[in-house]
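Undergrad: heads up, no residue letters with this:
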C-alpha cells in the first residue's frame, strides 16, 4: 500500500510565528508517527522561515519511521545538512531562493550533468534519491538517466484539474508513471493532494510508493484532530 509521509513544515510555521516552542515540532512529529504516519517530511529553506536546520538534526535523532528531506540541492547549506544527517531519502526540488512553495519539476535534460553529480554524492552516503518531476515523458526519461532511485510526481496540475475533470486530470500522470515504471524508477507523489483527490490518484496509479502531504493534512487537522486526520488519509490510500 502507498505510504503516507506527513510534511510538518506548517507546524514549524505556526511555532515560529510566536517564537518559543509552541507547538512543539518534535512532539508533533513523534505523535504523527504514533498516530499512523509512515514517514515524516521536512523542507528546510535558507531563511528557516519554517523548518530550521536545528530541527532537522533533532528529528533525525528521534524518528523511527522514514525521514524524507526535501530541498534545493543548489543551496550549499542544504547539501551539507543532508550529508550530515543522512536521512532515508532526499527529494531534490528546483526551488528559487525565497520561493513561497514548490511550483515545478526539474528540467532533467538541461540539468542532466548537474543532477548526475548530485545524485551520486547523496547515494555515496547511502541516501535514497528522488527528483521532483512534472508528468512529462521526456523529463521522466531524463530523470532515469541521472541515476536517481525515484521521482516525485508534482501533482498541482492534477489537483487543480481534478475539480472539473478527474479522468483528464490524472491521464498525464498515469502515462508518466507507466514510463517511470518501465524505466525502473520508483514513484512518489506530492503537492496539493488532499482527502478529496487522493484516492482517485492512487486508484489510477497504484504503483505510487509514497505520498508526502502537509498543508491540506494540517488544515484538516484543525477541524478533525491530528490523529483522526492521519487515519482518514491512510484510509484514502487503501480505497481502490
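TA: Yep, that arrived. All values reported here derive from a predicted model rather than from experimental measurement.
Undergrad: what segments of this protein are helices?
TA: Along the chain, the segments classed as helices by DSSP state H run 9-18, 25-34, 53-62, 76-85, 112-124, 137-146, 156-162, 166-182, 198-204, 215-224, 226-238.
Undergrad: list the buried ones in the longest one?
TA: By that I understand helix 166-182. 166, 169-170, 172-173, 176-177, 179-180 (16 or more other C-beta atoms under 10 Å). Where C-beta positions appear, they are placed from N, C-alpha and C, glycine not excepted.
Undergrad: and the helices of the chain as CSV, adding mean pLDDT and distance to residue 92?
TA: Shown next, in CSV, are these (pLDDT from 0 to 100; distance: least, C-beta to C-beta, whole Å):
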stretch, mean pLDDT, distance to residue 92
helix 9-18, 96, 17
helix 25-34, 98, 22
helix 53-62, 98, 16
helix 76-85, 95, 10
helix 112-124, 96, 7
helix 137-146, 97, 9
helix 156-162, 97, 17
helix 166-182, 98, 16
helix 198-204, 98, 22
helix 215-224, 98, 20
helix 226-238, 97, 24
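Undergrad: how about those in a markdown table, adding distance to residue 45?
TA: Listed next are the helices of the chain as a markdown table, based on distance: least, C-beta to C-beta, whole Å:
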| stretch | distance to residue 45 |
| --- | --- |
| helix 9-18 | 9 |
| helix 25-34 | 15 |
| helix 53-62 | 10 |
| helix 76-85 | 8 |
| helix 112-124 | 18 |
| helix 137-146 | 23 |
| helix 156-162 | 18 |
| helix 166-182 | 27 |
| helix 198-204 | 26 |
| helix 215-224 | 15 |
| helix 226-238 | 24 |
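Undergrad: closest one to residue 69 among those?
TA: helix 76-85 (5.6 Å; C-beta to C-beta).
Undergrad: between the closest one and helix 53-62, how many degrees?
TA: With axes from the mean of the first three to the mean of the last three C-alpha atoms, to 10 degrees applied, the angle from helix 76-85 to helix 53-62 works out at 20 degrees.
Undergrad: buried stuff in helix 76-85?
TA: Buried residues in helix 76-85, counting neighbours by 16+ other C-beta under 10 Å, are found at 78-79, 81-82, 85.
Undergrad: format those as JSON lines; extra columns: distance to residue 62.
TA: Listed next are the buried residues of helix 76-85 as JSON lines, based on distance: C-beta to C-beta, whole Å:
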{"residue": "78", "distance to residue 62": "21"}
{"residue": "79", "distance to residue 62": "23"}
{"residue": "81", "distance to residue 62": "17"}
{"residue": "82", "distance to residue 62": "18"}
{"residue": "85", "distance to residue 62": "12"}
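Undergrad: list the contacts for the residue nearest the centre of the chain?
TA: Geometric centre of the chain, nearest residue: residue 212, 4.1 Å, by C-alpha atoms, centre = their mean. Going by C-beta atoms under 8 Å, 6 or more residues apart in numbering, residue 212 touches 5-7, 39, 41, 68, 70, 91, 152, 188-190.
Undergrad: quick check: closest non-adjacent residue to it.
TA: Distances taken as C-beta to C-beta, 6 or more residues apart in numbering place residue 190 nearest to residue 212, at 4.0 Å, with adjacent residues excluded.
Undergrad: partners of that neighbour in the sheet?
TA: Residue 190 has the following beta-bridge partners by DSSP bridges: residue 154, residue 212.
Undergrad: what about it, neighbour count?
TA: Residues lying near residue 190 (other C-beta atoms under 10 Å) number 26.
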